[in-house]
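In: Structure of the sequence below:
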Amino acid sequence: MTTREVEHEITIDAPAAAVYELLADVTNWPRIFPPTIHVDRLEEQGDEERIRIWATANGQPKNWTSRRTLDAGGLTITFRQEIPAPPVKHMGGTWIIEPLGEAASRVRLLHDYSAIGDDPHDLLWIERAVDKNSTSELAALKENVERVHAADTEELTFSFTDTVQIDGSAKDVFDFINEADQWAERLPHVAVVRLTEDTPGLQELEMDTRAKDGSVHTTKSYRVVFPHHKIAYKQVTLPALMTLHTGEWTFVETEDGTSASSQHTVTINTDNIARILGADATVADARAYVHTALSTNSSATLSHAKAYAEQKKA
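Out: Now for the predicted structure:
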């Protein structure tokens, strides 16, 4: 069996402890790392944890389970995939954060891996995926940590939730949101939908959405489906005013039916504010604009899901 070892590194203008903190909390990862779609913490015991990650590798959505050992004192995090996604036979590595004085640090990301059957083509595929993801993750880590530590940081990232109460079953509401391939017929603001689900529970959703002014925007998302209580997603083709958009649809059974929510987390793209909203527009204006646009669409979707579920019950 051929085991390959590779190392990537980057220097970050932020204290080592701050970098470690961001890496240690995996729930941050979809917001920080472009390839990461969603992360679930399955088990936690002391410094050990088991996590499930959904992420893209060479543009293909994959998922796997890993064990991590966190060492806050040594500023290291080791990881080992339990059930790798083919063509990977084994994959593991270590994040090492080294202080460079009080206000800077070096982050080294080590990987060791092998391919099923030692296939040279598969080894090359893994090598490219590791190189692409490691380079992109380290660059994103640097950008995110440095932004948090910059003195002039503004409230660029924000979250909000829209909720409706439905006199119907959580399964029926879930089905409406899950069956996005039917949204063009069911939702007035959706013009065209392309939905693929090659791996059960992992969807690729591309759609053309109509805005109030009649313009049509194409967006692409990956969705992770947990029947019948949650659908988590990450948008990978983004409108001009956003550099990040993740979210969750959640469905909770209540005594009176179902509480259905749409949660969004967004980071504003400051480079495009003037072009889209005018020279005098501020970050606050962009936040309000994006909030209204997303809330309008998700509230419309929830109200149609409500009608669908209540009709089913009747």
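In: Check whether Glu102 really touches Ala16, as I assumed.
Out: No. With contact defined as Cβ atoms under 8 Å, Glu102 does not count as touching Ala16 (9.2 Å). Every C-beta, even on glycine, is put in place using the N, C-alpha and C of the backbone.
In: Tell me which of these two has more neighbours.
Out: Comparing Glu102 with Ala16 by neighbour count (other Cβ atoms under 10 Å), the higher total belongs to Ala16, at 20 against 8.
In: Surely that one and Gly74 touch.
Out: No. Contact criterion Cβ under 8 Å: Ala16 and Gly74 do not qualify, at 10.8 Å.
In: The stretch 51-200 of the chain: strands as residue ranges?
Out: With DSSP state E, counting those that start in this stretch as the criterion, the stretch 51-200 of the chain has strands at 60-71, 76-83, 88-99, 105-115, 157-166, 190-199.
In: Mind putting these into TSV with mean pLDDT, distance to Glu5 and mean neighbour count?
Out: Shown next, in TSV, are the strands of the stretch 51-200 of the chain (pLDDT from 0 to 100; distance: least, Cβ to Cβ, whole Å; neighbours: other Cβ atoms under 10 Å):
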stretch	mean pLDDT	distance to Glu5	mean neighbour count
strand 60-71	94	18	17
strand 76-83	95	14	16
strand 88-99	97	9	18
strand 105-115	97	5	20
strand 157-166	96	35	15
strand 190-199	94	29	14
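In: need the ones you listed in JSON lines with distance to Arg52, can you?
Out: Shown next, in JSON lines, are these (distance: least, Cβ to Cβ, whole Å):
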{"stretch": "strand 60-71", "distance to Arg52": "5"}
{"stretch": "strand 76-83", "distance to Arg52": "9"}
{"stretch": "strand 88-99", "distance to Arg52": "14"}
{"stretch": "strand 105-115", "distance to Arg52": "19"}
{"stretch": "strand 157-166", "distance to Arg52": "22"}
{"stretch": "strand 190-199", "distance to Arg52": "13"}
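In: So what's the residue count around the closest residue to Leu238 other than its chain neighbours?
Out: Distances taken as Cβ to Cβ, 6 or more residues apart in numbering place His245 nearest to Leu238, at 5.9 Å, with adjacent residues excluded. Other residues within reach of His245, judged by other Cβ under 10 Å, total 21.
In: Assign a three-state SS to His245, would you?
Out: Put simply, His245 is strand when judged by DSSP: H, G, I helix; E, B strand; the rest coil.
In: re earlier: between the strands of the stretch 51-200 of the chain, which one is closest to Ser261.
Out: Of all those, it is strand 157-166 that lies closest to Ser261, at 4.3 Å by Cβ to Cβ.
In: CA atoms of that closest one as CSV?
Out: Provided in CSV are the C-alpha atoms of strand 157-166 (Å, rounded to 0.1, in the frame of the first residue of the first chain):
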residue,chain,number,x,y,z
THR,A,157,-21.8,38.4,9.1
PHE,A,158,-25.3,38.1,10.5
SER,A,159,-28.0,35.5,11.0
PHE,A,160,-31.8,35.6,11.2
THR,A,161,-34.7,33.1,11.3
ASP,A,162,-38.3,33.1,9.9
THR,A,163,-40.7,30.8,11.5
VAL,A,164,-44.3,29.7,10.8
GLN,A,165,-46.8,27.6,12.8
ILE,A,166,-48.5,24.9,10.7
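In: Pairing partners for that strand, with directions?
Out: strand 257-268 (antiparallel) (DSSP bridges).
In: Summarise which helices and strands the next helix-or-strand element following the partner strand is packed against.
Out: Using DSSP states H and E, the helix or strand that follows strand 257-268 towards the C-terminus is helix 273-277. Where contact means 3 or more Cβ pairs under 8 Å, 6 or more residues apart in numbering; DSSP states H and E, helix 273-277 is packed against helix 283-313.
In: average pLDDT across the helix it packs on?
Out: Across helix 283-313, pLDDT averages out at 95.
In: In the helix or strand hosting Glu9, which residues are buried?
Out: Element membership for Glu9 (DSSP H and E) is strand 4-12. Residues of strand 4-12 classed as buried by neighbour count (16 or more other Cβ atoms under 10 Å): 8, 10, 12.
In: any idea how far that strand is from the chain center?
Out: In terms of Cα atoms, centre = their mean, to the nearest Å, the centre of strand 4-12 is found 23 Å from the chain centre.
In: buried set for the following helix or strand past that strand?
Out: Per DSSP H and E, the first helix or strand lying C-terminal to strand 4-12 is helix 16-24. Neighbour counts over helix 16-24 (16+ other Cβ under 10 Å) mark 16, 18-20, 22-24 as buried.
In: just how off-centre is helix 16-24 within its chain?
Out: Using Cα atoms, centre = their mean, the mean C-alpha position of helix 16-24 is found 19 Å from that of the whole chain.
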